[in-house]
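Participant: Show me the folded form of this:
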Amino acid sequence: MSTAKKFAGQTAVYGLSTIAGRVLSFFLTPVYTRAYSVKVYGIFGNLYSYASMLNALLAFGMETTFFRYLNKRPDDKQLVYNNTFGAILAIAILFLLLTFPFANFITGWIRIDPSTPFAEYVLYIKYFIGILIIDALCVIPFAKIRADGRPGRYGLIKFLNIVIFVSLNLIFIYGLPFFIKHNLPGTAWIGTWYYKGWLGYVFMSNLIASLATMLMLLPEFLKLRPRFNKALFLEMLVYSWPVLVANFSYLINENLDKILLGKLLPVGESATQVGIYTACAKISIFLSIFVNAFRLGAEPFFFSHAKNKNATQTYATIMNYFVIAVCLIFVALVANIEILKYFIKGKDPAQVALFWSGIGVIPVLLFGYVSLGIYMNLSVWYKLTDQTKYGLYISGIGAIVTIVLNLIFIPYYGYIASAWISLTAYATMMILSYLWGQKNYPIPYNLKKNLAYIIVSIVFVFVSFTVFKRNIFVGNGLLLLFAACAFYFERNQLKAILNKR
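Facilitator: Presented below is the predicted three-dimensional model:
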């Protein structure tokens, strides 16, 4: 089997499990937008933005470090596993001590909706502290499953996590009110504690799902041994801290806009704008899923094939088809926005109008994900050459672009500015990674072909969204044309890949 086919197979397994889970999660979007007001949904988006950034901090870049050191020290796999998990465990304990006793202070700083009782916000924060710690402790066991070449087990656990989370949400939002309305057995007991429309049930569901995931990972936890190597640990920290900063900087680009919208806009308006922006960004989830599935398959694959004679040519081939795939998804999603927008329909006409008022930012956000995906593909060079400092530089520059431009433009243009700034940051990172990468670890990317696919997809999206006003027939016609052209130009290489054994 060719290395390209093997990579495609691994990514497909990760992708299917990721898609299944994320699609289930995506279908909660219409549930939330119907159950909660735009303002309350803004609280949801704001808190999850903080959580995403803190996830990177708690993981400390140890996932990438784990894969790198398995490749560097194949005879010390158990020691690598113990040390990377030990680092995260120490950080998680420190995080717990620095946050849980100060939940009230933290609440006072991040609260964006004064109409929500302070005590409820404090409870939200405590739920998130628990979620963050449990999820951090699961990072290295999940990485071990991937390193052991068991994508099926990885996918099953991730899928069950989402199933539990979605099921609990549906029970709290629809199931229990149904019990109460029809006075079914247990109604009296449910009525003593259940509060309809409380956002905290979403976070409670997440916490329970995370606990269930930890239990499912018990076989991996039981393989840990209390063996610690100080020299190896310090070496890992030197490698991982630039990865941490790079990951954290990336998440600043991904989430800081929602946080700054809550901080820089007037009280009363901020939660609403965060709600609109968060809901519209959900439509880009399908492109985000593909990018994430690619990352899950790519990282262990790139490291394991780094010593192969034709490694760089393989990476170039993967990039070529990755660009085609993300551009196809980009065109497809924009072509069908008039259908997808119904997933963010509110509970009354006024709420619907508010949510749909942000649809114009969706193509911008989608192209930002295209740029991000290409950057993730390009980032292989500094990980393979142990030059993770470049990841720090690139993501740091992206973070600076995000912070400075959001601070300048959010007060004037709100979430519209945030969408364009997100695209600007990711495009900057993509370009810098390509330029530095070709100097330090040249990979023979077909730049002209890749740029041609990207430019054509942008033109098709502009024509579909702006010129033809989101006409679904025109949009899908352009999608079919793009797919047909890509297949025509790639037909010979596709035949060569499929004929390899």
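
Participant: C-alpha from now on. contacts and neighbour counts both.
Facilitator: OK.

Participant: pretty sure residue 41 contacts residue 275?
Facilitator: Yes: at 5.0 Å, residue 41 counts as touching residue 275 under the criterion of C-alpha atoms under 8 Å.

Participant: Could you say which helix or strand holds the closest residue to residue 330 other than its chain neighbours?
Facilitator: What sits nearest to residue 330 in space, not counting adjacent residues and going by C-alpha to C-alpha, 6 or more residues apart in numbering, is residue 366, at 6.3 Å. In the assignment (DSSP states H and E), residue 366 maps to helix 362-378.

Participant: Contacts for that helix, please.
Facilitator: Identification of contacts with helix 362-378 by C-alpha atoms under 8 Å, 6 or more residues apart in numbering yields 280-281, 283-284, 287-288, 291, 295, 298, 319, 322-323, 326-327, 330, 334, 419-420, 422-424, 426-427, 429-431, 433-434, 437, 461.

Participant: if you look at those residues, which of them are in strands?
Facilitator: Per DSSP state E, strands hold no members of the contacts of helix 362-378.

Participant: and the lengthiest helix in the chain, which residues are buried?
Facilitator: Longest helix in the chain by number of residues (criterion: DSSP state H): helix 230-264. For helix 230-264, the neighbour count (16 or more other C-alpha atoms under 10 Å) marks 233, 236-237, 239-264 as buried.

Participant: Against which helices or strands is the helix or strand containing residue 90 packed?
Facilitator: Secondary structure assigned from DSSP H and E places residue 90 in helix 77-99. Here helix 77-99 touches helix 38-59, helix 62-72, helix 118-137, helix 139-147, helix 230-264, going by 3 or more C-alpha pairs under 8 Å, 6 or more residues apart in numbering; DSSP states H and E.

Participant: These: lowest mean pLDDT?
Facilitator: Of all these, the minimum mean pLDDT falls on helix 230-264 (a mean of 81).

Participant: Next, the angle helix 62-72 makes with that one.
Facilitator: 150 degrees (axes from the mean of the first three to the mean of the last three C-alpha atoms, to 10 degrees).

Participant: can you pull out the helices in the stretch 401-501 of the chain?
Facilitator: 415-440, 447-462, 472-499 (DSSP state H, counting those that start in this stretch).

Participant: May I have the phi/psi pair for residue 468?
Facilitator: Phi and psi for residue 468, reported as degrees, to the nearest 10, are phi -100, psi 10.

Participant: Contact partners for residue 396?
Facilitator: By C-alpha under 8 Å, 6+ apart, the contact set of residue 396 is 245, 246, 249.

Participant: Looking at those residues, which is nearest residue 157?
Facilitator: Nearest to residue 157, judged by C-alpha to C-alpha, of the contacts of residue 396 is residue 246 at 27.3 Å.

Participant: So the closest one versus residue 335, what's the distance?
Facilitator: 33 Å (C-alpha to C-alpha, to the nearest Å).

Participant: Need the residues that contact stretch 80-90.
Facilitator: So stretch 80-90 is contacted by 58-60, 62-63, 65-66, 69-70, 136-137, 140, 144, 224-229, 232-233, 236 (C-alpha under 8 Å, 6+ apart).

Participant: what do you get for stretch 413-432?
Facilitator: Residues from elsewhere that reach stretch 413-432 (C-alpha under 8 Å, 6+ apart): 253-254, 257, 261, 265, 273-274, 277, 358, 361, 364-365, 367-369, 371-372, 374-375, 378, 394-395, 397-399, 401-402, 405-406, 409-410.

Participant: quick check: mean pLDDT across it?
Facilitator: Across stretch 413-432, pLDDT averages out at 94.

Participant: Go through that stretch and flag the buried ones.
Facilitator: Judged by neighbour count using 16+ other C-alpha under 10 Å, the buried positions of stretch 413-432 are 414-432.

Participant: Can you lay out the helices and strands packed on helix 77-99 as JSON lines showing distance to residue 28?
Facilitator: Output for those, formatted as JSON lines (distance: least, C-alpha to C-alpha, whole Å):
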{"stretch": "helix 38-59", "distance to residue 28": "12"}
{"stretch": "helix 62-72", "distance to residue 28": "29"}
{"stretch": "helix 118-137", "distance to residue 28": "19"}
{"stretch": "helix 139-147", "distance to residue 28": "25"}
{"stretch": "helix 230-264", "distance to residue 28": "20"}
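
Participant: Residue 471 is nearest to which of those?
Facilitator: helix 38-59 (27.0 Å).

Participant: for that closest one, packing partners?
Facilitator: With contacts defined as 3+ C-alpha pairs under 8 Å, 6+ apart, the packing partners of helix 38-59 are helix 77-99, helix 118-137, helix 230-264, helix 270-281, helix 349-356.

Participant: quick one, the third one and helix 38-59 angle?
Facilitator: Same thing as helix 230-264. 160 degrees.

Participant: can you give me how far helix 230-264 is from the chain middle?
Facilitator: In terms of C-alpha atoms, centre = their mean, to the nearest Å, the centre of helix 230-264 is set 14 Å apart from its chain centre.

Participant: try stretch 113-126
Facilitator: Distance of stretch 113-126 from its chain centroid, counting by C-alpha atoms, centre = their mean, is 26 Å.

Participant: before we move on, what about stretch 389-407?
Facilitator: With C-alpha atoms, centre = their mean, you get 18 Å for stretch 389-407.

Participant: quick one: buried residues of that stretch?
Facilitator: In stretch 389-407, counting by 16+ other C-alpha under 10 Å, buried: 389-399, 401-403, 405-407.

Participant: Also stretch 144-157?
Facilitator: 144, 145, 146, 147, 151, 152, 153, 154, 155, 156, 157.

Participant: wait, the third one sits on residue 154?
Facilitator: Going back to what we said before, that points to residue 146. Yes: in this structure, residue 146 is within contact of residue 154 by C-alpha under 8 Å, at 6.9 Å.

Participant: mind checking the SS state of residue 266?
Facilitator: Taken by DSSP: H, G, I helix; E, B strand; the rest coil, the conformation at residue 266 corresponds to coil.

Participant: and it, how many neighbours does it have?
Facilitator: 12 (other C-alpha atoms under 10 Å).

Participant: Let me see the contact set for it.
Facilitator: Going by C-alpha under 8 Å, 6+ apart, residue 266 touches no other residue.

Participant: how close does it get to residue 43?
Facilitator: For residue 266, the distance to residue 43 (C-alpha to C-alpha) stands at 15 Å.

Participant: closest to residue 218 out of the helices and strands packed on helix 38-59?
Facilitator: helix 118-137 (11.4 Å).

Participant: how far off helix 38-59 does that closest one point, in degrees?
Facilitator: 40 degrees.

Participant: helices or strands next to helix 118-137 in the packing?
Facilitator: Judged by 3+ C-alpha pairs under 8 Å, 6+ apart, helix 118-137 is in contact with helix 38-59, helix 77-99, helix 103-110, helix 200-216.

Participant: Need the mean per-residue confidence for the shortest one.
Facilitator: Helix 103-110 comes out with an average pLDDT of 91.

Participant: can you list contacts of that helix?
Facilitator: Residues outside helix 103-110 that contact it (C-alpha under 8 Å, 6+ apart): 99, 118, 121, 122, 125, 126.

Participant: Check stretch 172-186 too.
Facilitator: With C-alpha under 8 Å, 6+ apart, stretch 172-186 has contacts from 35, 187, 190, 191, 194, 196, 197, 201.

Participant: Next one: the last one, what pLDDT does it get?
Facilitator: Listed pLDDT for residue 201 reads 94.
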